[in-house]
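J.: Turn this into a model:
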Amino acid sequence: MKALVVVNKIDRPAARPDFVVDKVFDLFCELGASDEQTDFRVVYASGLQGKAGHEPDNLADDMEPLFDAVVESIDPPKIDSVESDDLQCLISNIVYDNFKGKMGIARITNGSVRANQAVALARPDKAKKTGRLGNLFVFDNLGQKEVESASAGEIIMFAGLPDVEIGDTLITNEQMGANAAEPLPPIAVEQPT
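T.: Model prediction:
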């Protein structure tokens with residue numbers, strides 16, 4: 001994975017961009033980063049002013065240099081399929097809505113999903129929990145919008161499965177899950193202290 005370093009608050013009088021870049025390089029070396037990772041791209045920015053640039057003293061009037069750097073530096077997600085049977089969606093967060101109940105948040109790794117689709121929550125070492133998806137949302141700017149379907153690469157939020165837990169994989173249960181994909185390895189969540 002390539003790294004992109006953004007030095008923010010470049011507009012401050014006490015800004016030390018060269019010192020910050022050197023410290024980031026030292027940190028990468030201490031963490032055992034590869035040569036490719038230590039050869040990171042740097043973008044300087046002032047989030048408050050909405051400016052970014054490739055040199056600390058030459059910022060554009062907008063954030064376009066930052067957006068271009070993200071598109072060029074960050075690898076796109078690897079998607080094997082957008083077919084409904086190949087649905088794999090790892091639940092990474094849970095929210096609660098007073099009207100819709102417990103809702104899962106996840107990124108679709110493979111496949112696609114529709115509102116009101118027969119689905120299952122699966123883990124490699126546990127029995128499937130089946131149900132039907134209720135409302136389906138995608139994230140739009142700072143909010144969510146309800147959609148009829150979503151496909152691989154999108155981050156979704158869904159209702160209708162009250163037993164959803166962080167680490168579950170959302171898979172299809174159409175035709176009783178006969179063609180369903182395998183669940184993804186669950187993520188571990190540390191217990192609160």
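
J.: Please tell me how far Ile171 sits from Ile108.
T.: Between Ile171 and Ile108 the computed distance is 11 Å (C-beta to C-beta, to the nearest Å). Using the backbone N, CA and C atoms, a C-beta is placed for each residue, glycine as well.

J.: Quick check: neighbours shared by the two?
T.: Common contact partners of Ile171 and Ile108 (C-beta atoms under 8 Å, 6 or more residues apart in numbering): 87-89.

J.: so where's this structure shaky on pLDDT?
T.: For the chain, the stretches flagged by pLDDT under 70 are 1, 175-179.

J.: And the biggest helix by length in the chain, what does it pack against?
T.: Longest helix in the chain, counting residues (DSSP state H): helix 17-30. Helices and strands touching helix 17-30, by 3 or more C-beta pairs under 8 Å, 6 or more residues apart in numbering; DSSP states H and E, are strand 4-7, helix 35-38.

J.: now do 6 Å
T.: Counting by 3 or more C-beta pairs under 6 Å, 6 or more residues apart in numbering; DSSP states H and E, the packing neighbours recorded for helix 17-30 are strand 4-7.

J.: List the strands paired with the strand it packs on, with their directions.
T.: Using DSSP bridges, strand 4-7 pairs in its sheet with strand 41-46 (parallel).

J.: any idea of the angle the strand it pairs with forms with helix 17-30?
T.: Here strand 41-46 runs at 140 degrees with respect to helix 17-30, directions being taken by axes from the mean of the first three to the mean of the last three C-alpha atoms, to 10 degrees.

J.: Identify each buried residue in whichever helix or strand comes after strand 41-46, please.
T.: Next helix or strand after strand 41-46 toward the C-terminus (DSSP states H and E): strand 51-53. Applying a neighbour-count criterion of 16 or more other C-beta atoms under 10 Å, one finds 51-53 buried in strand 51-53.

J.: quick one, what contacts Ala150?
T.: Residues in contact with Ala150, defined by C-beta atoms under 6 Å, 6 or more residues apart in numbering, are 113, 138, 156.

J.: same question, Ile10
T.: Taking C-beta under 6 Å, 6+ apart, we find Ile10 in contact with 44, 46, 56.

J.: most neighbours, which of those residues?
T.: Neighbour counts for the contacts of Ile10, by other C-beta atoms under 10 Å, peak at Tyr44, which reaches 26 neighbours.
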